[in-house]
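Trainee: based on what follows, work out the 3D shape:
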Amino acid sequence: MIVVIPAIDLRGGRAVRLLQGDPSSETSYSDDPTELAARFQEEGARRLHVVDLDAALSQGNNRRRVEAICRSVQVPVQVGGGMRTHADIDEILDLGASRVILGTAAATDPAFVRRAVEEHAEAIVVAIDVRGGNVMVRGWQEEGPPLEEAIPALDDAGAPRYLVTSIARDGTLKGPDMTLYERVLRLTDTPLIASGGVRDADDIWGLRDLGCEAAVTGKALYEKTLKLAQVVRG
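Mentor: Below is the predicted model:
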């Protein structure tokens, strides 16, 4: 069993996708992310993945859009982007999110993760965004610690699950970086959500067979190379 989680990335109130995290490579898919969330739910999604790109890039935020999405669907919503303080975590959970995704703050300060997990347990997801063997931070614009250093430290902090993104594959439809996920799974027994590069159902089954708990996918759904109906019961 693997859970396929549709991604909705918010920028300026719209649902967009970036290529490899590059803010200058934006493609806009919807002016109404709430309607998009409802459609994914109708198609069988069991969870949604929402990222506030403006907050991640320190260019404002889309809190109202996040709240509207969380309140408009029945399925759980995990939210990331700019979660750098404990007050940010509390605010997003208060808006209706079921999980909060920690990125920069987690990669640079495992003690932050430890306290977040103590307070919110399974509501915490730790994002590990990888380029060239290093964890990237601040909207994927700055290099953080090596993967082999980051994961043991985050394990020690009690991270309940990881969201691992291959930045080089993100938004490319070139298939997941299986080598990266194998590498992570050798380093930890913590549940792994894979993200980046998914193009079709075969990619989902490959991630399932590798041992991933879930897969986040965005562009494949928007470009219709993957349909939720193919994989929601996998």
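Trainee: C-alpha only now, for contacts and for neighbours.
Mentor: Will do.
Trainee: any stretches of this structure with poor pLDDT?
Mentor: 233-234 (pLDDT under 70).
Trainee: one more time with 50, if that's ok
Mentor: Residues of the chain that meet the criterion pLDDT under 50 lie in 234.
Trainee: show me where it has helices.
Mentor: Counting by DSSP state H, the chain has these helices, from start to end: 33-42, 53-56, 63-72, 86-94, 104-108, 110-120, 147-156, 178-187, 201-210, 219-222, 228-231.
Trainee: ok, Leu228 - contacts?
Mentor: 4, 43-45, 221 (Cα atoms under 8 Å, 6 or more residues apart in numbering).
Trainee: should've said Met178
Mentor: Under the criterion of Cα under 8 Å, 6+ apart, the neighbours of Met178 are Leu207.
Trainee: how far away is it from Asp170?
Mentor: Noted for Met178: a distance of 13 Å to Asp170, by Cα to Cα, to the nearest Å.
Trainee: do Arg183 as well
Mentor: Counting by Cα to Cα, the gap from Arg183 to Asp170 is 18 Å.
Trainee: got it, and Ser72?
Mentor: Applying Cα to Cα to Ser72 and Asp170 gives a distance of 27 Å.
Trainee: quick one, which of the contacts of Leu228 are buried?
Mentor: 4, 45, 221 (16 or more other Cα atoms under 10 Å).
Trainee: in stretch 164-174, what's buried?
Mentor: 164-173.
Trainee: for the buried ones among the contacts of Leu228, give me JSON lines that also has distance to Pro23.
Mentor: Listed next are the buried ones among the contacts of Leu228 as JSON lines, based on distance: Cα to Cα, whole Å:
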{"residue": "Val4", "distance to Pro23": "25"}
{"residue": "Ala45", "distance to Pro23": "27"}
{"residue": "Leu221", "distance to Pro23": "20"}
